[in-house]
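Trainee: Next comes the sequence, and after it the predicted model I'd like to discuss.
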Amino acid sequence: MAEAVCGPTPEVARRNKSTVDRLTFGVAIRVPAEAYRTGEGPLTLLITEVLGRGPFQGAEWAEVRGHEVHPDGTLRIRQSCALVRVDQARPVEVWSW
């Protein structure tokens, strides 16, 4: 019988390490619509807090809180929470602040 493995395999963890490390306070990320919950269309978010991480629907997801970034680079005043797929979150540069 094969041994059960929790979390990503070492190979997947190495490949995703740079993405995982980027989900921290002060980083802006862009996530496609199909890779996050609680919204529609692509999400660009300036992270203020990572609330947790864990498996969901066969992938690693993170619950993050932050300010949505408008297309012109300005930030939404009120914070939002979203559940995002870690492997689909890409860092982006935001120049408005």
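Mentor: Everything's here; your move. Because the structure is predicted, anything quoted here is derived from the model rather than measured.

Trainee: residues in contact with the closest residue in space to residue 78 that isn't next to it in sequence?
Mentor: Closest residue to residue 78 in three dimensions, ignoring its sequence neighbours and counting by Cβ to Cβ, 6 or more residues apart in numbering: residue 67, at 7.9 Å. In short, each C-beta sits where N, CA and C put it, glycine included. For residue 67, the contact set (Cβ atoms under 8 Å, 6 or more residues apart in numbering) comprises 45-46, 48, 75-80.

Trainee: from those residues, which ones fall inside strands?
Mentor: Judged by DSSP state E, these include 45-46, 48, 80 as members of strands.

Trainee: how near is the nearest residue to residue 90 once chain neighbours are set aside to residue 42?
Mentor: The spatially closest residue to residue 90, leaving aside those adjacent along the chain, is residue 30, at 5.2 Å (Cβ to Cβ, 6+ apart). According to Cβ to Cβ, to the nearest Å, residue 30 stands 6 Å off from residue 42.

Trainee: Residue 90 too?
Mentor: Distance from residue 90 to residue 42, by Cβ to Cβ: 10 Å.

Trainee: what is in contact with these two at once?
Mentor: 30-31.

Trainee: rewinding a little: list the residues that contact the residue nearest to residue 90.
Mentor: 42-44, 89-90, 92.

Trainee: How far does the helix or strand encompassing it sit from its chain's centre?
Mentor: Residue 30 belongs to strand 28-31 when assigned by DSSP states H and E. How far strand 28-31 lies from its chain's middle: 7 Å, per Cα atoms, centre = their mean, to the nearest Å.

Trainee: and the next element down the chain from it?
Mentor: Downstream of strand 28-31, the next assigned helix or strand under DSSP H and E is strand 36-37.

Trainee: Show the average pLDDT along that next one.
Mentor: Mean per-residue pLDDT for strand 36-37: 88.

Trainee: so what secondary structure elements neighbour it?
Mentor: Helices and strands touching strand 36-37, by 3 or more Cβ pairs under 8 Å, 6 or more residues apart in numbering; DSSP states H and E, are strand 80-85.
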